[in-house]
Structures are given as C-alpha cells and as structure tokens.
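In: Pasted the sequence and its predicted model underneath.
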Amino acid sequence: MRMHEPPIPAGHAAVSKTPAARRALIGPELLPALMVFAATMVLVVGMKIANHSFGSFDQLTAIMVTAIFLVVASFGQGLIILLGGIDLSLGVVIGIGGMMIAGLTRGSDDALLLAIPATLLCCAGIGLVNGIGVALAKLPPFIITLSSGITFSGVALGLTAGSSQQSVAPALQKFMNSSFLGIPCPILFIILFVLAAWLFQNRTAEGRKLYAIGSSPGAARILGLPIAALTIAVYTIGGLCAGITGILLAGYSSSATLNMGDALLMPSIAAVVIGGARVTGGSGIYLGTFAGALFLSTLSTVITTLSLSQGFRDLVQGGIILIALVLQSGRLIVGSR
Amino acid sequence: MAKSISLIRKMAGGGATAASALLCVMFVIYALHEPSALSLFGIGNVLNNTVVLALAAMGLTLVVLCGELDLSGPGVIAIANVVVATTSTGTLGTGGSLAAVLAIGAAVGCVNGFLVAYLKLQSLAVSLGTLIACQGIALLVLPAPGGEVSDAIVNTLSGDFFGIPAPAIVLALVGGLWLLLKHSRMGIWLYAVGTDEQASRLSGVNVRATKLFAFVVSGMCYAMAGYVYCAEIGSGDPRISDSFLLFMYAAVAIGGTSLNGGRGGVIGTLAGAGILTILQKMLFALGVADFYTNIFNGIIMILAIFFGQLSALLAGAQRLRKA
C-alpha cells in the first residue's frame, strides 16, 4: 500500500508532512494516553461506587496535589527514556533537593530566593555528571545513574550525618497549601508544567531531535545532530526536574529526609512505560507520561484508602509495568501488520 | 566457527586471569594488614562473606553473557530470604524451604525469560517490573524484619566438612557446574547469542531457548544466594537486599564480563565478588565511615565498567586487525 513511502517510525508522527500519514500515525501515540486517562476515571468511579465516602471534591483535589511530584519527576525520566536511557539516580536526587532546600532555608523565608537556584543548580549538576558519563564516557545509562546515585547519596549522608533536616521555609509550605482563584496552587503549577513540558517535547525542534536520536542514533549521527550535547542536556533536565520535585516534596511534607525520593523512582519509570513509551527510546508523547503519573497517583491513593500494605502497592506497580509492556508489544505487532 | 569460539574463550580467559591476579594481590595486602586472615577461620570468614554475592553475580553473568540485562536479582533474594525465615523452622523444614525457594527463583526467571525471549520485550524494563513485584511479594510475606532461620541451615552453611569451610564447597560446586555448562552445547550457545544474535539464529542456534535458559538458571542462582544469605544473617528482612544490585553488576564487570554480552565468564565473576568482598573488609578494617564506603563503591563501579568497556574496545580492534 505504502510502497512509495519510506517506513516512518511511530515516534515521528509530527515530522511527517502528508495528512494521511499523520492521521494514521497519531493514533497509536495518543491511544495509550487516552486509555490510561480512561483507566484513571474508571478507578475513581469504581472506588466511588464501592465506597461512597471516596471521591469527594476535596479528595480528588488532594489526589491531584499529590500527583505533582510524579508529574514533574516523570517528565525528566520520560525525556531520558526517550533517548533510550534510564535514570536510576532520580530518587536520590529528589532526596538531595529536599535536604538542600531544608538545610539552606532553615525554616525561614529569608534565604529562599538564593536557596532555590542553588538547590536546582546542584541537582542539575548531578544530572550533568550522569549525562557526561552516558554521552562522553559511553557507559550504560543504568550503570552510571545507579553508581552516581549511590555516590552522591554517600556525599549527602556524609555532609548531613544522616540527620533529618529542620523545617522547610514556610513560603514553600504555603505554596503547597494555598489556592489562587479557587484553584489550589499545586494544580495551577501542574497545568503550567504540563503545558510547558508538552510544548517542549512534542512541539519544538529540539524535542523532535530527541525522537530522532532515540529511534535511530546512527541515522541521527549521519544527519549531524548534536547527539552528545542533547544527551547531556536531557540528563541535566532530568536532574533539574528531580530537584524541583525535591523542593515541592519538602514543602508538602514540611521536612526533608534523604530517602524521601526513593518511593518515587520506580513510579517515575512506570508512569513513562504505562504512558506508551518504548523503553528502547524514540517513542511516546508527554501526555502519555502525564496520564501514567495521574493514574499511579490515583492508584496509590486508592491503595491507601483500602488500607492495603506497601508490599501490595509494589506488587501492583510491578505487575502494571509488566502488563503495560506486554500490551505495548501486542500493539507493535498489530501495528506492523 | 570453531576458531571464533576459541578466540572468544581466549578473551574470556583474559578477563578472568586479570581479575584472579587482582584478587590475589588484594588478599595479600589484606593479609599483611590483618594476619589472622591467613588462618583457616580467616579464610572461611572471607568465603562466608563472598558466597552470597558470588552466587547472585554468577546468575547475573549468565544473563549478561547472552546479551541481556537483569535487575530482578535483589527481588528474588528478598523473597528467598523471607520465605526461608518464615517456613524453615515450621511447615517446610530445611529441605522443603530450599526446594520452595529454588522453585520461586525458577518461576521468576521463567517470567523474565518468557517475556524477553518470546515476546521480545526489553530485558531492562521487564526485570525492573519483576524486581518491584518481587519486593512487594517479599513485603507481603514478611512486612517487617523478623522470622527465624532453622539452626540446621545456619550450622550447615557456616560450618565446615572435614576442615573445608562449607562456602568453599558451595563455590567449588558452582565453579564446576559452570565449567561443565561452558563446554556444553548450551554454554557455546550462550556466548554465540551474546556475540551476535542474528548470526546465531541463522546458524541454527535456538536463541529463545538459550535466553530462557539463562534467565531461569539465573533466577535459581539468586534464590540460592538468598538461601545462603539466610544462614549468614539468621533472620528475615524484606528490604535487606535492596543495595545488592550495584555489587552484582560490579562483580560481573570487574570479572571481565562485557555488559554487551558474549565475552567473559563465571570464573571471572567469582574473582570479582572476592575482590569486592575484600575491598569492603579493608575499608571496614581501616575504619572508613559508612557513607564514604558508598562513595567509594559508586566510583569503583564506574571505573570497573569503564575499563571493561575499554578492554572490550581494544579486543574488538584486535579482532578487526586480525580479520
């Protein structure tokens, strides 16, 4: 049928110019995102039927507010996975971000304007180290991020002597609890963040270059794309996102511990995978990742509401990753026919 | 074919020899610092600390050799640990819990292997999923540290037979089994699939069966590691194996196994595990604080992989020149 057209990888929907190809190719990218949104709705409605006290407006707002951490963290993770990499240091960087903001502000707003940039710079620096290891030293991403995570958590543990820090600047706590025009600030933040993330990943030239590198590094090199620079930039953005998550998490829980980000590492990867991105890189859209993050946050709240144990949460999360992978491979097989 | 296989073997021998030499040097330095290390008790002590990592890393080596990655090890070790801690004194007994644990390891390996080999899913993502699921199951079996490991297991695995420490026997058995495997058809297939999957398939290698085999055996190795670990700590803790992953990969990389597959072997990994264990003991003996040990481990890991990559590049260059 498409003899005259070169085969286009699924991730290149937006690059293609012909309307027919665009119509045919946007579907498989958007479908998982819509499916996950639908699953989230089903989860909420199902819980509402089973338990009438669940699903009040306040509770839905609370779910959205707690989703903020995963939404931000999984954007960085998603970009890295888009390049075919993975970031296993994310949990540690979140913890370091939280500890730094708490340690620098020491419960007052005075130093906040300096503390936030310093914290973000430090977290982006860890991402930079990861990126250099992957792009220039050509080490496998999971190795370099696993080792840098352990190394930097050692540094942080040494500097703080393992103590949990003093309370966080009140302004941050206020930000997480206040509303603007009746909408909680964190939700406004999510909306702005998602808009910016979507624009960057799916509507800019740089974003498209990432898809090109992820789906075929060899072709990207021949085209002359700055692979090393973009890879380092993406890992730096990943570190930056983890830093933002750490600051928000510190503001939300009003104190910081070094291991508070650990619980977000696996969900951040799961959100990307559930959203329909291939772990080998080059596919997936940010809306899918966002849907995955919302779904996992809702699921987490549901599991807490049902007072099921942490073990059950892990089991469900692992199972969901596996199921999403299997569904994905099924879709790829169907799509290739 | 035969020529290329012998070349592969030679390169594998190179990594293992270097690692073994390094192990000897490290042991001498350690013994100079701590003379008691040379006694039978001291050697048994080192072996006792090595054997868990060695077993787990050996399983990982098989998967890495055939060109895949596996993160599920710590999950299987955690399940094995809590299952033994909850059943070995009661319902299942010593042998029953060993059988149960091996069956669990094989089952997890089967899930990984099936999804990777037959559904062509990426091994990193699949094993990440099974890792999380396994950790969840371990927490469901035993929500908090506790439980009890039967005295029979502890005494057998930390004792000695006719003056030979039990861990030494376990390691010798494992090494022997590996040598048998390496010279069997499956062993040759492992290297072939890891070197060039497409070419192996075209030459009639059953790639799927090879990968499934690697994952199942590795799952059983992790389970065995978890079982032996029980003897060492004497109780159950669902979270205790979380930090194992890095060490497993470090042992594999230091032992000269290429993370791209097709090059290396279990003997090198055993030496790698020994090096890491002695390194920890030296850091401990020098009184280095825990967090500095972490920094050290992270850097050692990166260096090990980096030099592994370099030597792989050099070997590749040599092969090109010869061809």
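Out: Arrived safely.
In: next one: the host helix or strand of A:Ile320 to chain centre, how far?
Out: Taking DSSP states H and E as the criterion, A:Ile320 maps to helix A:310-336. Chain-centre distance of helix A:310-336: 17 Å, with Cα atoms, centre = their mean, to the nearest Å.
In: Identify each buried residue in that helix, please.
Out: For helix A:310-336, burial by neighbour count (16 or more other Cβ atoms under 10 Å in any protein chain shown) applies to A:310-311, A:313-318, A:320-322, A:324-325, A:328-329. Glycine gets a C-beta too; all of them are placed from N, C-alpha and C.
In: State the mean pLDDT of it.
Out: Per-region confidence: helix A:310-336 scores 76 on mean pLDDT.
In: pLDDT below threshold where in chain A?
Out: Flagging of chain A using pLDDT under 70 yields the residue ranges A:1-28, A:54-55, A:162-166, A:330-337.
In: where do the strands sit along the stretch 151-300 of chain B?
Out: With strands called from DSSP state E, counting those that start in this stretch, the stretch 151-300 of chain B shows them at B:160-161, B:164-165.
In: err, chain A, not the other one
Out: A:179-180, A:183-184 (DSSP state E).
In: list the helices and strands the last one packs on?
Out: If you count contacts as 3 or more Cβ pairs under 8 Å, 6 or more residues apart in numbering or on different chains; DSSP states H and E, strand A:183-184 packs onto helix A:57-82.
In: Output the contacting helices and strands for the helix it packs on.
Out: Secondary-structure packing of helix A:57-82 (3+ Cβ pairs under 8 Å, 6+ apart): helix A:90-105, strand A:183-184, helix A:185-203, helix A:205-215, helix A:227-253, helix A:262-274, helix A:286-305.
In: would CSV of these with mean neighbour count be doable?
Out: Output for the helices and strands packed on helix A:57-82, formatted as CSV (neighbours: other Cβ atoms under 10 Å in any protein chain shown):
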stretch, mean neighbour count
helix A:90-105, 27
strand A:183-184, 16
helix A:185-203, 16
helix A:205-215, 19
helix A:227-253, 24
helix A:262-274, 26
helix A:286-305, 23
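In: so which of these comes closest to A:Gly131?
Out: Proximity to A:Gly131 (Cβ to Cβ) singles out helix A:227-253 among these, at 3.1 Å.
In: The closest residue to B:Gly187 other than its chain neighbours: how many residues sit nearby?
Out: Distances taken as Cβ to Cβ, 6 or more residues apart in numbering or on different chains place B:Leu181 nearest to B:Gly187, at 4.6 Å, with adjacent residues excluded. Residues lying near B:Leu181 (other Cβ atoms under 10 Å in any protein chain shown) number 17.
In: where's B:Leu181 relative to B:Asp70, distance?
Out: Separation of B:Leu181 from B:Asp70 (Cβ to Cβ, to the nearest Å) stands at 17 Å.
In: Likewise for A:Thr61?
Out: With Cβ to Cβ as the criterion, A:Thr61 and B:Asp70 are 41 Å apart.
In: same check, this time on B:Phe162
Out: Distance from B:Phe162 to B:Asp70, by Cβ to Cβ: 36 Å.
In: okay, those two: which has more neighbours?
Out: Higher neighbour count among B:Phe162 and B:Asp70: B:Asp70, with 30 against 5, using other Cβ under 10 Å.
In: now that one, nearest residue through space, not along the chain?
Out: Excluding the flanking residues, the one nearest B:Asp70 by Cβ to Cβ, 6+ apart is B:Val63, at 4.3 Å.
In: doesn't B:Leu69 make contact with that neighbour?
Out: Yes - using Cβ atoms under 8 Å, B:Val63 is in contact with B:Leu69, at 7.0 Å.
In: For A:Trp148, grab the count of nearby residues.
Out: Wrong residue type there; residue A:148 is Ser, not Trp. 26.
In: Next one: it from chain B, what distance?
Out: According to Cβ to the nearest Cβ, to the nearest Å, A:Ser148 and chain B sit 7 Å apart.
In: give the contact list for the closest residue in space to that residue that isn't next to it in sequence.
Out: Spatial nearest neighbour of A:Ser148, chain neighbours left out: A:Ser89 (5.0 Å); criterion: Cβ to Cβ, 6+ apart. Neighbouring residues of A:Ser89 by Cβ atoms under 8 Å, 6 or more residues apart in numbering or on different chains: A:Ile126, A:Asn130, A:Thr145, A:Leu146, A:Ser148, A:Gly149, A:Phe152.
In: and the two most separated of these?
Out: Top of the distance list for the contacts of A:Ser89 (Cβ to Cβ): A:Ile126 and A:Leu146, 13.0 Å.
In: Which of these two has more residues huddled nearby?
Out: A:Ile126 (28 against 24).
In: my read: the more buried one touches A:Val93, true?
Out: Yes - judged on Cβ under 8 Å, A:Ile126 makes contact with A:Val93 at a distance of 5.3 Å.
In: picking that back up, need the residues touching each of B:Val63 and B:Leu69.
Out: B:Ser123.
In: Those two: who's more crowded?
Out: In this view B:Val63 and B:Leu69 are compared by other Cβ under 10 Å, and B:Val63 has more residues nearby, 30 against 21.
In: Can you point out the helix or strand that includes that one?
Out: helix B:40-65.
In: That helix: what's the following helix or strand?
Out: helix B:73-87.
In: which strands and helices sit next to the helix or strand that that next one is followed by?
Out: Once the chain leaves helix B:73-87, the next helix or strand it forms, by DSSP H and E, is helix B:93-113. With contacts defined as 3+ Cβ pairs under 8 Å, 6+ apart, the packing partners of helix B:93-113 are helix B:73-87, helix B:123-141, helix B:151-158, helix B:207-233.
In: Turn those into TSV, including distance to chain A.
Out: TSV is the format used below for the helices and strands packed on helix B:93-113 (distance: least, Cβ to the nearest Cβ, whole Å):
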stretch	distance to chain A
helix B:73-87	8
helix B:123-141	3
helix B:151-158	24
helix B:207-233	14
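In: Highest mean neighbour count out of these?
Out: With neighbours defined as mean count of other Cβ atoms under 10 Å in any protein chain shown, these peak in mean count at helix B:73-87, which reaches a mean of 28.
In: For that one, give the mean pLDDT please.
Out: On average, helix B:73-87 scores 90.
In: report the angle between the axes of it and helix B:151-158?
Out: 140 degrees (axes from the mean of the first three to the mean of the last three Cα atoms, to 10 degrees).
In: Help me confirm that B:Gly59 comes into contact with B:Phe213.
Out: No - when contacts are counted by Cβ under 8 Å, B:Gly59 is not listed as touching B:Phe213 (11.9 Å).
In: Kindly report the residues of the stretch 101-250 of chain A close to chain B.
Out: Residues of the stretch 101-250 of chain A lying near chain B by Cβ under 8 Å from any Cβ of the partner chain: A:133, A:137-140, A:142-144, A:146-155, A:157-158, A:162.
In: That's all I had, so thanks and see you.
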